[in-house]
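1. Please find the sequence and the predicted model below.
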Amino acid sequence: MLRSVAALVLPATSPFEFATLCEVFGVDRTTEGVPPIDLRVCGPVAGEPLRTTVGASLVPDHGLEGLRDADLVAVAATRDREFAPEVLDALRAAAADGATLLSVCSGSFVLGAAGLLDGRRCTTHWMNVDELRERHPLAIVDPDVLYVDDGDIITSAGTAAGIDACLHLVRRELGSAAVNTIARRMVVPPQRDGGQRQYVEQPIPVCSADGLAPVLDWAVEHLDEEHTVSGLARRARMSDRSFARRFVAETGTTPHRWLTLQRVLLAQRLLEDTALGVDDVAARSGFGTGALLRHHFRKVVGVSPVDYRRTFRGVPA
């Protein structure tokens, strides 16, 4: 059961991520059938103001002793990367006592600093994935998901993904009726599709030299046509083997992967900016069929074309 939650706030806390913890766990919804949850806001020292990232301060009512005996210890996002030893000791003690630990966004760095992510699956904001891996190489970081449930440790991706992680935990501990009630009051879906990969702008491999640039520019302007390595090599006036080798040397990827990414990028623009159906988007972007578009789109972006459009344009496909 989820009866008590200790929300840990630290210097440089992000108010939005902290507020998600308050909204999910701190609002009394017992009249609507949600079991009571005791939320304690805890900081390094009770009553000591903590500066946030937006020019305001938070004053926690509880110190680190508030983490004791909590069913859930939830760590809000922070821009800091160095943490007081007593904070890390309190988190380790809570974990040893059987509490579930949840981090929102960059709160994962606090758990990592306490050694609680070593050998554990986890995630964080996509912008911080490389840093988390570098600082905590024993953590198993999944960059694509909205949250990771690894039993007694739950970590969320960036910002709004904290809502997804919190609602998931409510569903896991209190059931579907409770999570649906909370989500309805928050005016959010009780569960979102896809992962955070759909929000990451895909890097475009570019030529490191001018040799193939005219051929690649031409290919981008004719993505709706079928392209082969032999056809592109002829246009570059090179043998197939030399062209393939030169292509990898200049772009860092293969012709097939480059073409697939260019077509996915075009499909994304068409899904965002037009009302074309999926089959028409597939034809315009060079995939030919909706089935082939769906296959490659999900592989690159992480969601289906329809779900992507629903997120970024809201026009039915």
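-> Everything's here; your move.
2. what's the helix or strand hosting Val220 in contact with?
-> Here Val220 sits within helix 213-221, counting by DSSP states H and E. The list of residues contacting helix 213-221 from outside it, by C-beta atoms under 8 Å, 6 or more residues apart in numbering, reads Cys207, His227, Leu232, Arg235, Ala236, Thr251, Trp258, Leu259, Gln262. (Each C-beta comes from the backbone N, C-alpha and C, glycine too.)
3. Mark which of those are buried, thanks.
-> If you count burial by 16 or more other C-beta atoms under 10 Å, the buried members of the contacts of helix 213-221 come out as Cys207, His227, Leu232, Ala236, Thr251, Trp258, Leu259, Gln262.
4. residue boundaries of the strands in this protein?
-> For the chain, strands defined by DSSP state E occupy the ranges 4-8, 38-42, 50-51, 57-58, 72-75, 100-103, 121-122, 140-141, 147-149, 153-156.
5. For the ones you listed, give me TSV that also has mean neighbour count, distance to Glu134 and mean pLDDT.
-> Putting the strands of the chain into TSV (neighbours: other C-beta atoms under 10 Å; distance: least, C-beta to C-beta, whole Å; pLDDT from 0 to 100) gives the following:
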stretch	mean neighbour count	distance to Glu134	mean pLDDT
strand 4-8	26	24	98
strand 38-42	19	29	97
strand 50-51	15	26	96
strand 57-58	14	29	96
strand 72-75	28	20	98
strand 100-103	27	17	98
strand 121-122	20	14	95
strand 140-141	18	10	96
strand 147-149	21	19	91
strand 153-156	27	17	96
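6. mind checking which of those strands is nearest Val281?
-> strand 147-149 (29.8 Å; C-beta to C-beta).
7. related to what we said a few turns ago, please tabulate the strands of the chain in TSV, including the columns distance to Gly302.
-> TSV is the format used below for these (distance: least, C-beta to C-beta, whole Å):
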stretch	distance to Gly302
strand 4-8	30
strand 38-42	33
strand 50-51	35
strand 57-58	34
strand 72-75	26
strand 100-103	21
strand 121-122	17
strand 140-141	16
strand 147-149	14
strand 153-156	16
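8. With respect to Ser176, which of the ones you listed lies nearest?
-> strand 147-149 (15.8 Å).
9. outside of the closest one, which residues touch it?
-> 121-123, 142, 154-157, 161, 164-165, 168-169, 172.
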